[in-house]
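Enquirer: sequence plus the predicted model coming up.
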Amino acid sequence: MTRRDFFTAIYNNETLDMDLRNFAGAAIEKMDATNAARKDKPTKTQLANAPLIEQIVGMLTDQPQTATDLAAPMGVKVQKASALLRAAVAQGKANVQDVKVKSKGTQKGYTLAK
């Protein structure tokens, strides 16, 4: 049971004293405010990845490139390049499409967003 579940159960229990219910309601509001403040701040990883995302976006062209194609020139692992490319797509800086790669099958190809 999470703290939110606990306080919600107390707040919704009409047989308990009103002071307990008010305390639980205030605790829920405090958790909501804390979560809202945390949501607006970028994490340490997001801050560290921002320049890498710009670097990988700078390498994109109109021709689809896979994460494998972009990882080696950047000096990162394919998994890291893939995560950076997904973040670039989420930010609207890159587009993704399926491309066929010889002897590997279908992979994600990334292009520069227009």
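Expert: Looks like it came in fine. Residues are numbered from 1 along each chain as shown.
Enquirer: drop to CA atoms for contacts and neighbour counts, all remaining ones
Expert: OK.
Enquirer: SS state for residue 97?
Expert: Put simply, residue 97 is strand when judged by DSSP: H, G, I helix; E, B strand; the rest coil.
Enquirer: let me see the confidence value for it.
Expert: Note on residue 97: pLDDT of 94.
Enquirer: ok, it - contacts?
Expert: Residues near residue 97 by CA atoms under 8 Å, 6 or more residues apart in numbering: 64, 108, 109, 110.
Enquirer: pretty sure the second one sits in a strand.
Expert: Right, residue 108. Yes: assigned with three-state DSSP, residue 108 falls within a strand.
Enquirer: begin at 3 from now on, thanks
Expert: I'll keep to 3 as the first residue from here, and by that count the last item is residue 110.
Enquirer: what residue, apart from its backbone neighbours, is nearest it spatially?
Expert: In space, and not counting its chain neighbours, residue 110 is closest to residue 100: 4.7 Å by CA to CA, 6 or more residues apart in numbering.
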